[in-house]
Structures are given as structure tokens and as C-alpha cells.
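In: Would you be able to build a 3D model of this:
(one chain, ligands or ions: 2)
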Amino acid sequence: MTAGPVPGAAPPLLRVSGVRKAFGDHVVLDGLSLDVHAHRVVVLIGASGSGKSTLLRCVNLLEEVDDGTIEVEGRDVTDPRVDADRVRARIGMVFQSYNLFPHLRVLDNVALAPRLVHGASRAEARDRALAMLERVGLAGKARAFPDELSGGQQQRVAIARALVGRPALMLLDEVTSALDPELVGEVLELLADLKEDGVTMVVATHEMGFARHVADEVCFLHAGRVHERGTPEQVLGDPQEPRTQEFLRRFT
Ligand code: ADP
Ligand code: MG
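Out: Numbers count the residues shown, from 1 in each chain. Ligands and ions are numbered 1, 2, ... in the order given. Model (predicted):
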């Protein structure tokens, strides 16, 4: 399944090679490897506790790997000499809990990163934030405070905040899990739009409909590795591995 590099093909934007991560003697990632090419959407599925969040957190350097390497844009970010803030500035991450600053208006929530991380002027940061709010369909809420928005709108603001630094890679961890069912659709539709714009994404989700329609590749995590991978048609429609079949039975 792990085909060698195609001569002349662009190197992957993200390359995870043999990553091991344990908490005490609980091995969560056990030699996991994964490549993500530019403009692709890779969806991670797997049982709760299979390591989806841990993998995303390792990529964003929120966790330190025990072994293996993670390359982002060709640079090994697990090298201890690497500047973690610079790496994170190339990655946008969105979590289940949107974590907006409640005392800041929507516009300022989004403008904060350009100011702090990218050193933009106040005016430039606001321009960029407003453009990004427009992108997620919330320019009209720029002056509102987070608690005046629905959960779906707040999560779209969090996505705008992650995108505003023009990251090379977006990591999305169960971004619809905290939402009321009727608000899930607007967030998934936004992600589908971003894919159309060419945004590279790794998405951990239990939304199989989204995986089916938006993923270029689906990876089923089990026992600390990518147990089965392929197109949505392959992995969701015709899974080959008994573990994958068992997992998917719970969603049908
Ligand atoms: P998933 O996102 O697929 O549900 P996680 O990556 O959150 O899985 O968790 C994988 C396993 O690692 C779980 O058993 C979880 O309890 C454990 N784990 C995650 N983070 C920590 C931590 N900081 N300390 C100890 N155990 C952790
Ligand atoms: Mg998780």
C-alpha cells in the first residue's frame, strides 16, 4: 500500500514516518505513517481512543513524539532545534471546542493571530480578518461577541481564525462533535468549500457522510497505525479489513 515516491512528483506537504507515541506504557501511536499531498483532504476515522487527536497534536507539536519523524513542507519538525512557533504558524488547527475569546468581538478573535503571530499592523490584521470572515460567510457578525453566535457560527469563526495566517495545512479535530445536529451541516459545507479552494486538510471525524463526499483519502486508525486506507469508495464502501468492517457497522 505504501508506494514509493513517484519520480518528478511533488513531495508530500505532510509526511508522518514511523511515529511512536506512548503515554506511560500505553502505546497510542505505534509506528504510524501517513502522507498528505497539497490540496488533498485526508479524513481520519477510528474508534474513540484510536489516536486521531494524538496524531494531530503531534503534527502541531502540542505533543512530542517518542520516535519517528514528521515533515511539514519538507522540514522535520520533530527536530528539537526547530522553532515550534514557526512550524505552528504554517499549520491551522481547529478543535471540537471552538475556544473563542469571549471578551473579544468576532473580528478581534480572528485578527489576533495576524497581529501576534505574523506581526501584521492593526489595520492589516483587521482587513485580513474581515476578508476571512467574509470567506466563511460571517462578515455581518464581525462586531458581535462570540456568545451572540450559534455554535455553528462560532465554529466557522474558529475556522476563519485558523485560516487567516494562510497556513499550508489545516488540522481539524472533530470540529462538529460539540454542535447540535442542525448546525453540523453549515460547518461541513464550509469545509467542502475550502477543499474547492485547494486548502489541504487532515480531518478527524465521525461524520461518514462528509468522509464519503469530501475526502480524497480515508485512513482508518487502529492499534496505533493506519490499519486501512484508500478512497472513500474503497474504505467506506468496500472495506477489506475485518476491523474496519466492524468499526463501520456501527455507523450504518
Ligand atoms: P481519539 O482522538 O482517536 O479518540 P486520542 O488521541 O484522544 O484518541 O487518545 C488516544 C489514547 O491516548 C486514549 O486512550 C487516551 O486516553 C490517551 N491519551 C491521550 N492524551 C493523553 C494524555 N495527555 N495523557 C495520557 N493519556 C492520553
Ligand atoms: Mg479525538
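In: which residues does F220 contact?
Out: I45, G46, V226, H227, E228, R229, V235, P239, E241, R243, T244, F247 (CB atoms under 8 Å, 6 or more residues apart in numbering). Any C-beta I mention is one placed from the backbone N, CA and C, and that applies to glycine too.
In: Turn the residues you listed into a markdown table, including distance to ligand 2.
Out: Shown next, in a markdown table, are the contacts of F220 (distance: CB to the ion, whole Å):
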| residue | distance to ligand 2 |
| --- | --- |
| I45 | 11 |
| G46 | 9 |
| V226 | 16 |
| H227 | 17 |
| E228 | 19 |
| R229 | 18 |
| V235 | 19 |
| P239 | 21 |
| E241 | 21 |
| R243 | 18 |
| T244 | 18 |
| F247 | 15 |
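In: Let's have the residues you listed in CSV, adding secondary structure.
Out: Output for those, formatted as CSV (DSSP: H, G, I helix; E, B strand; the rest coil):
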residue, secondary structure
I45, strand
G46, coil
V226, strand
H227, strand
E228, strand
R229, strand
V235, helix
P239, coil
E241, coil
R243, helix
T244, helix
F247, helix
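In: Need the buried ones from the residues you listed selected in PyMOL.
Out: Here is the PyMOL command that picks out the buried ones among the contacts of F220, judged by 16 or more other CB atoms under 10 Å:
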select buried, resi 45+46+226+227+228+229+235+239+244+247
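In: Show the overlap between the contacts of F220 and what lies near ligand 1.
Out: With CB under 6 Å from any ligand atom as the criterion, the contacts of F220 include G46 near ligand 1.
In: Tell me, how many residues neighbour the closest residue to V184 other than its chain neighbours?
Out: Excluding the flanking residues, the one nearest V184 by CB to CB, 6 or more residues apart in numbering is T176, at 4.4 Å. Per other CB atoms under 10 Å, the neighbour tally for T176 reads 24.
In: same check, this time on V87
Out: 18.
In: Can you give me every residue that contacts it?
Out: Shown in contact with V87 (CB under 8 Å, 6+ apart): N60, L61, V72, R75, V77.
In: Surely F101 is within a strand?
Out: No - with three-state DSSP as the criterion, F101 is coil rather than part of a strand.
In: That one: how many residues sit nearby?
Out: For F101, the count of nearby residues is 12 (other CB under 10 Å).
In: Please, which helix or strand holds the residue lying closest to it once chain neighbours are set aside?
Out: Among residues not flanking F101 along the chain, N109 sits closest, at 5.6 Å (CB to CB, 6+ apart). Assigned by DSSP states H and E, N109 belongs to helix 106-116.
In: With that, I have no additional questions.
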